[in-house]
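Asks: just a sequence and a predicted model for now, questions to come.
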Amino acid sequence: MISFRAPHDVVLVDYEERLPAAREVLVRTLYSGISAGTELTAYRGTNPYVTKHWDNERRLFVEGTPTFSYPLDAWGYEQVGAVAAVGEGTTTVRRGDIVWGIWGHRSSAIVAEEHVAQHVLPEGVPPMCGVFARIGAVALNAVLDADIHVGEVVAVFGQGVPGLIASQLARLNGGTVVAVDRIPRRLELALAAGATTVIDAGATSAASAVKDLTRGRGADVVIELTGSAAALHEAIRSAAYASRVVVAGFSQDGADALRLGEEFHLNRIELVSSQISHVAPRFSHRWSSERLERTVIELCAEGRLELEALVTHVVPASQAADAFRLLDERPEEAVQVALDFT
């Protein structure tokens, strides 16, 4: 099991494994993907849950004992594994089934049969695709919030894993996709995945480039998946008058670069927060986090969503510290990093 003993301190620790009880399943982890957004906040010690207390009833961060404290064991939400044993009375899954889920960076987990049965990978889908179910759901949730229409220009800021998936989904929705990032390798992946145009935000003003591409109008909708306040400001500047910016990045930096008295104010921009714990109320009678994940896997199975190409590094779990250091210090070298527990 991977444990953060303190910020920037990653170790492997042992834990006691048990056999599955009735209607339970023992899953052996094959691969565990690292989220370069959420998990790095825990790795760096910037996650608000480790610095503040979350009052769940009032849905408010308050001063007090942090909700989580170090060591943080088995963080992570991008797992895929094989069913190794089943408990008494289990009938809907069998040994050898490949399943996706959330059980953290650990070599095995006990999961309820009812839950596992809903997460069996379709036959023929490579196991590695299973690590994208949850992060893909993040991207799909943002695309639903964006409310894209055929023929609209969609600017996607940030071409990390969720951005690359969101760009593909926006194209499937009929959008003309403009992918924005500062890392050439990610822009190359975006083009390969179907973006019509890419913009190197490190070389030019993304907002000016988007305006030029749209004859001065701006993007019909913008999806921000960088977690950077400066990028969010540029995303707002890129948007057409009275249009929408979906904010799905997990921002940890200060907001000095975010000028709400400029284009946001003058252009009547709508900011929409998109977060995977919930779907928008207007969709909640039809969509759930479970359906978001399943849709990502189904699109992959149908060949309509490219996921395996996003994996740049597969690292033995024993070298997890190196994997996190890579993402923290040299993000330009990696996209999806997966830990190999086999």
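Replies: In hand now; what should we look at? Keep in mind it's a predicted model, so treat the numbers as computed, not measured. Residues are numbered from 1 along each chain as shown.
Asks: packing partners of the strand of greatest length in the chain?
Replies: Assignment by DSSP state E gives strand 24-34 as the longest strand of the chain. Secondary-structure packing of strand 24-34 (3 or more Cβ pairs under 8 Å, 6 or more residues apart in numbering; DSSP states H and E): strand 79-86, strand 98-101, strand 108-112, helix 113-116, helix 320-329, strand 336-340. The C-beta positions use only the backbone N, C-alpha and C, and glycine is treated the same way.
Asks: contacting residues around the residue positioned nearest the centre of the chain?
Replies: The residue lying closest to the centre of the chain (Cα atoms, centre = their mean) is residue 135, at 3.2 Å. Applying Cβ atoms under 8 Å, 6 or more residues apart in numbering to residue 135 gives the contacts 33, 35, 77, 78, 161, 162, 165.
Asks: go on, residue 43?
Replies: 4, 7, 8, 10, 324, 328 are the contacts of residue 43 under Cβ under 8 Å, 6+ apart.
Asks: show me how to select, in PyMOL, the buried members of these.
Replies: The PyMOL selection below is limited to those of the contacts of residue 43 classed as buried (16 or more other Cβ atoms under 10 Å):
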select buried, resi 4+10+324
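Asks: quick one on the thing from earlier: that's a helix at the residue nearest to the centre of the chain, yeah?
Replies: Yes: checked against DSSP: H, G, I helix; E, B strand; the rest coil, residue 135 lies within a helix.
Asks: what about it, distance to residue 126?
Replies: 16 Å (Cβ to Cβ, to the nearest Å).
Asks: cool, and residue 107?
Replies: Per Cβ to Cβ, residue 107 is found 20 Å from residue 126.
Asks: neighbour count: those two, which is higher?
Replies: A direct count of neighbours by other Cβ atoms under 10 Å for residue 107 and residue 126 places residue 107 higher, at 20 against 13.
Asks: so the more buried one makes contact with residue 340?
Replies: No: counting by Cβ atoms under 8 Å, residue 107 stays clear of residue 340, with 10.8 Å between them.
Asks: report how many residues lie close to the residue nearest to residue 280 when sequence neighbours are not counted.
Replies: Nearest residue to residue 280 in three dimensions, chain neighbours excluded: residue 145, at 5.7 Å (Cβ to Cβ, 6 or more residues apart in numbering). Residue 145: 22 surrounding residues under other Cβ under 10 Å.
Asks: still on that earlier bit, identify the contacts common to residue 107 and residue 340.
Replies: Jointly contacting residue 107 and residue 340 under the rule Cβ under 8 Å, 6+ apart are residue 317.
Asks: which parts of the stretch 1-150 of the chain are strands?
Replies: Counting by DSSP state E, counting those that start in this stretch, the stretch 1-150 of the chain has strands at residues 2-6, 9-12, 24-34, 53-55, 60-62, 72-73, 79-86, 98-101, 108-112.
Asks: now swap in the stretch 201-342 of the chain and tell me
Replies: Counting by DSSP E, counting those that start in this stretch, the segments of the stretch 201-342 of the chain that form strands are 219-224, 239-247, 270-273, 311-316, 336-340.
Asks: I'd like these laid out as CSV, including distance to residue 43.
Replies: CSV is the format used below for the strands of the stretch 201-342 of the chain (distance: least, Cβ to Cβ, whole Å):
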stretch, distance to residue 43
strand 219-224, 22
strand 239-247, 23
strand 270-273, 24
strand 311-316, 15
strand 336-340, 12
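Asks: could you export the ones you listed as JSON lines, including mean pLDDT, distance to residue 188 and mean neighbour count?
Replies: Below are those laid out as JSON lines (pLDDT from 0 to 100; distance: least, Cβ to Cβ, whole Å; neighbours: other Cβ atoms under 10 Å):
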{"stretch": "strand 219-224", "mean pLDDT": "98", "distance to residue 188": "20", "mean neighbour count": "29"}
{"stretch": "strand 239-247", "mean pLDDT": "97", "distance to residue 188": "24", "mean neighbour count": "20"}
{"stretch": "strand 270-273", "mean pLDDT": "96", "distance to residue 188": "29", "mean neighbour count": "14"}
{"stretch": "strand 311-316", "mean pLDDT": "98", "distance to residue 188": "12", "mean neighbour count": "16"}
{"stretch": "strand 336-340", "mean pLDDT": "98", "distance to residue 188": "15", "mean neighbour count": "23"}
